[in-house]
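> model the structure of this input:
(chains A and B, ligands or ions: 2)
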Amino acid sequence: MPDPTTDILPDATSPERFSAFAAPFLRAPEGARTVFLVTACACAGPLAAGVALFGWRALAVTALSVLSCAAIEKAYYRVTRAPAMLGRSHACLTGLLLAMTLPAFVPWYVPIIAATFAILVGKAVFGGVGHFLWQPALVGRLAVAVLFPATVMNPSAWPLLAQNKAIFGDVAQAKRPAVYRQWRGTPAPQGADAFALPHPTTELSPLTRGAEPAYSGLVFPGDWPRAKPTALAALPPIGEMLYGARPGGIGETCIILILVAGLYLVYRNYVKWQLPLAMLAGAWAVAAVAPIQLAGPNNTVETVWWPLLGQHLAGRLDPDLCVQVGFTYVNYQLLGGELFLAAFFLAPEMTTRPVTTGGQVLFALGCGVLGMLLQLYFETPIPFYLAVLAMNTAVPTIDALWRPRVLGARRFAFFRRA
Amino acid sequence: MSPRRYGSFAGGIDLPDEKLGTLDEPIRAPVRLERLRIPLPGRSLAEVRLSVRPGQYVSAGQLLASPAGAGGLAVHAPYAGKAGGLCVVQTAGSDGFAPSAALELLEPADPPALHALSPVFDWRAADRATLLARIAEGAVPLHDGRGGSLSRFVERAQQANCHTLVANALESQPYLTADHRLLVEHGADVIRGLAILARAIGAREVILAADRRRTGEYRELVGPARMYQIARVALPHKYPVGAANVLVKVLTGREVPPGGSALGLGVAVVDPATCFAAYRWTACGVAPSARVVTLAGERLKIRGNFWVPVGASVAELTGGTDGPVLHGGPMTGLRCPPDAVVTAATGALLAINAAQAAPSTPCIRCGWCTDHCPARLNVAVLNDVFELGLVQRARRMGVAACVECGVCSYVCPSRLPLSQRVRQLRRAVTDLNDAMPLFAES
Ligand code: SF4
Ligand code: SF4
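Ligands and ions are numbered 1, 2, ... in the order given. Now for the predicted structure:
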């Protein structure tokens, strides 16, 4: 039934109603276009690292993605004759974000199709800037993850340029190295520019969702029965995880630059620090608690809760070292995937996150927990992006329910229905 | 000023401090004015009793007109001159500019400067009733833009058993320096006026709240303030600390309920200009007919702080600058219509290069409006509510708590006229509550 009291507002656009009340006559200098362009500049950091690590193909994917986003946006507004408010700058930003989530080795049509989905399905059908429900870049990313066979978007071996071929190498020329310990100082395999390596999360997956446990522990202590390899030995050193020399999307891998760029966005107040922090904390907590499976002696399976404490090592290592090992494992789970990019660039997309700080914390915790659960226990290619998209769906609800106490209102007034 | 513990408030924003142009300009007499058009009390001529005939010469301070019925305030001639005919001017009220009848005063004398006066009435010996009667006699208006008379305000405060009286000298908006100059040059009189009001209201605690950056210039007030036991509080200048409801929250830690008044909490807030006028009338017997006005802004040739008579034409004072002239602060002020005149509510006339009214774009939900709203309203959602026209929803979200500070519009990167929208929602909610009181209960 229509509410009988809703129609008494005067016409919002009637000019003489506003003429005297034009206050404030001062405006903060920052416009919405600035917001998009500065965010786009911040993307340049992780993207530059991506170009260094994945070569010119990363640059080509980025260019294709940005150009097709801008072109599709323009074409859309040309066809529908809608006024393109802020459309172009936001389309460029979407293109950049999309490129950051894509791997560098994808064929040329993948970024174009992803951009089409991002702009048309992610943005235009909702009415453009400010109205969409799901982060458009992630809509595009999800579309190509679903449309293209897993071997294109999620192959068993991902290429990574060797150090001596950085920037100018071609990631398509990849070979599986015979022995790979670390990226630094390892020359490229004969006749290739890049190593073909398993994704870090794939390396860790037997701990949580293998048919049978593939690892006998996280590390080797001194007198360990070396029946099977150990999980952390299969991964690159933690330093390389931080500066990004590991397989992944173009902008996903260089954690250090993501942090620098993300903190800049926090400094500019485009991202509230609570949001990425809550997302990382949620993911960290799940990884610290959720059980892993290890191969015990005589083909038994050990389920270990609280991997953070490294309890399976108790008795073999002294307790401090156990926690150190567990801590390293948890950090690898966080650093190996796309969590950091999602936490600093994709989840804080303004339109698709709640407005209030409390709502944002709730939203980010949801993203972190859900994403980490997906990464640990489900065979999905882009767990954290899926989690962000899922939580985006809940944003209108969060915005309606989470209301700060208004000045002078009774406490808990927000329990009253709206 | 001695520091005292004070609270803070959520939200708010640091505005650029644009006061330097007029901060150190002493209060001067304005240029010679061609004529004054003194607004008369009441909306129609039937409500006014004129005391002068057209063509009659009047002396400074002479009674010009008094209200025929209850309500409205008598007006006095600021200078000597010749009474002219009647005309219509625009005066600022709490709800924007409204037309008002006015009496012309032709050939006014040279505007006098603002001088200290010698007291003729010993208010310290008077009791509350006497003081109130004297204030009512002098027809002192409130100078802070709320409109209405001081005596009515004092009565209401008495009835509400106000225990605290706050003088709000914060002037937290850029460009405004009138109250600051008044405190620097005539601070002792302001303090005395505050003491008079405190006595009339019966307030036990009296607070003078000022900007922390300016306290060095108010050192001379320490003596008088001690004498009348007035607490001096220096507050940081986060805007809108000068909004009455926010100030009450900061000083007392208690919050005015949405749509309510600070009087309900036993706190009365006045501004220094009102205190000054109260002192000049009560103690010195000079009826209020002028006030300190800041003239500032890039487009003005003559800037500074002036002792401007009520009824001076805005166009004349600003030297006929083209482009809009703002009445009041740049964050909450109004745009002056062509025939606006100065009233007691005119603290400043600004001819600044106002932000270009950039076309607004869709809300990108950055949440800055919500973050910075001192009333903790979720302005982003209120904007949706406005676009959908859901008045009931707005009421439940507590839209009546808005203090009309303009911060939400200021920060919005999409340049949406948020404070105007919230103001309209607020008005719609008030209308709704008046029209359908039963709805207000739910
Ligand atoms: S400040 Fe403007 S753009 Fe940002 S959430 Fe509020 S209304 Fe939307
Ligand atoms: S909603 Fe009202 S109180 Fe809140 S920022 Fe806007 S004008 Fe100020």
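> tell me what residue A:194 is bridged to.
Following DSSP bridges, residue A:194 is listed with bridge partners residue A:161, residue A:174.
> show me what contacts it?
A:55, A:159-162, A:165, A:169-175, A:188 (Cβ atoms under 8 Å, 6 or more residues apart in numbering or on different chains). C-beta: built from backbone N, CA, C; applies to glycine.
> switch to 10 Å and redo it
Residues near residue A:194 by Cβ atoms under 10 Å, 6 or more residues apart in numbering or on different chains: A:53-55, A:57, A:104-105, A:158-162, A:165, A:169-175, A:177, A:188, A:247.
> same thing with residue A:305?
So residue A:305 contacts A:289-292, A:311 (Cβ under 10 Å, 6+ apart).
> so which bits of the stretch 151-300 of chain B are right by chain A?
Taking Cβ under 10 Å from any Cβ of the partner chain, the part of the stretch 151-300 of chain B that reaches chain A is made up of B:173-175, B:245-246, B:248-249, B:254-260, B:264-265, B:297.
> cutoff 7 Å now
Taking Cβ under 7 Å from any Cβ of the partner chain as the measure of proximity, the stretch 151-300 of chain B contacts chain A at B:174, B:245, B:249, B:255-258, B:260.
> farthest-apart pair in these, please.
B:174 and B:257 (30.2 Å; Cβ to Cβ).
> distance of the closest residue in space to residue B:67 that isn't next to it in sequence from chain A?
Spatial nearest neighbour of residue B:67, chain neighbours left out: residue B:41 (4.3 Å); criterion: Cβ to Cβ, 6 or more residues apart in numbering or on different chains. Distance of residue B:41 to chain A, given as Cβ to the nearest Cβ, to the nearest Å: 22 Å.
> strands along chain A, start to end?
A:158-161, A:174-175, A:194-197, A:292-295, A:301-304 (DSSP state E).
> output the ones you listed in CSV; the columns should cover distance to ligand 2.
What follows is the strands of chain A, written out as CSV (distance: least, Cβ to the nearest ligand atom, whole Å):
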stretch, distance to ligand 2
strand A:158-161, 49
strand A:174-175, 55
strand A:194-197, 52
strand A:292-295, 49
strand A:301-304, 52
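> who wins for proximity to residue B:344 among those?
strand A:158-161 (74.7 Å).
> tabulate the strands of chain A (JSON lines), appending mean pLDDT.
JSON lines is the format used below for the strands of chain A (pLDDT from 0 to 100):
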{"stretch": "strand A:158-161", "mean pLDDT": "89"}
{"stretch": "strand A:174-175", "mean pLDDT": "85"}
{"stretch": "strand A:194-197", "mean pLDDT": "89"}
{"stretch": "strand A:292-295", "mean pLDDT": "84"}
{"stretch": "strand A:301-304", "mean pLDDT": "84"}
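> export those as a markdown table, with columns for distance to residue A:368.
Below are these laid out as a markdown table (distance: least, Cβ to Cβ, whole Å):
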| stretch | distance to residue A:368 |
| --- | --- |
| strand A:158-161 | 24 |
| strand A:174-175 | 32 |
| strand A:194-197 | 26 |
| strand A:292-295 | 18 |
| strand A:301-304 | 22 |
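> okay, these, which one's buried deepest?
Highest mean neighbour count among the strands of chain A (mean count of other Cβ atoms under 10 Å in any protein chain shown): strand A:158-161, with a mean of 27.
> who touches that strand?
A:53-55, A:103, A:105, A:169, A:171, A:174, A:193-197, A:199, A:245-247 (Cβ atoms under 7 Å, 6 or more residues apart in numbering or on different chains).
> enumerate the positions of stretch B:219-231 that are buried.
Buried residues in stretch B:219-231, counted by 16 or more other Cβ atoms under 10 Å in any protein chain shown: B:221-222, B:224-225, B:228, B:230-231.
> Serialize the residues you listed to TSV and add fields for distance to residue A:91 and secondary structure.
Output for these, formatted as TSV (distance: Cβ to Cβ, whole Å; DSSP: H, G, I helix; E, B strand; the rest coil):
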residue	distance to residue A:91	secondary structure
B:221	59	helix
B:222	61	helix
B:224	64	helix
B:225	60	helix
B:228	65	coil
B:230	60	strand
B:231	57	strand
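> between those residues, which is closest to ligand 2?
Nearest to ligand 2 among the buried residues of stretch B:219-231: residue B:231, at 26.8 Å, using Cβ to the nearest ligand atom.
> neighbours of the spatially closest residue to residue B:14 that is not a sequence neighbour, how many?
Leaving aside its sequence neighbours, residue B:14 sits nearest to residue B:238 (Cβ to Cβ, 6+ apart; 6.1 Å). Residue B:238 has 17 neighbours, counted by other Cβ atoms under 10 Å in any protein chain shown.
> ok, residue A:73 to residue A:143 distance?
Plainly put, residue A:73 is 16 Å away from residue A:143 if you go by Cβ to Cβ, to the nearest Å.
> the more surrounded of those two?
More crowded of residue A:73 and residue A:143, by other Cβ under 10 Å: residue A:73, with 27 against 18.
> residue ranges in the chain under the pLDDT threshold?
If you meant another chain, say so; for now it's chain A. A:1-22, A:84, A:220-227, A:314-315, A:411-418 (pLDDT under 70).
> um, chain B though
Residue ranges of chain B with pLDDT under 70: B:1-5, B:42-45, B:69-72, B:355-358, B:438-442.
> what does chain B put close to ligand 1?
Contact residues, chain B versus ligand 1 (Cβ under 6 Å from any ligand atom): B:363-369, B:379-380, B:383, B:411-414, B:416, B:418.
> may I ask which of the contacts of residue A:305 has the most neighbours?
Result: residue A:292 is most packed of the contacts of residue A:305 (other Cβ under 10 Å), 25 neighbours.
> mind listing what residue 256 touches?
In the absence of a named chain, this looks at chain A. The neighbours of residue A:256, taking Cβ under 7 Å, 6+ apart as the test, are A:242-243.
> that was the other one, I meant chain B.
With Cβ under 7 Å, 6+ apart, residue B:256 has these contacts: A:408, B:245, B:248, B:262, B:264-265.
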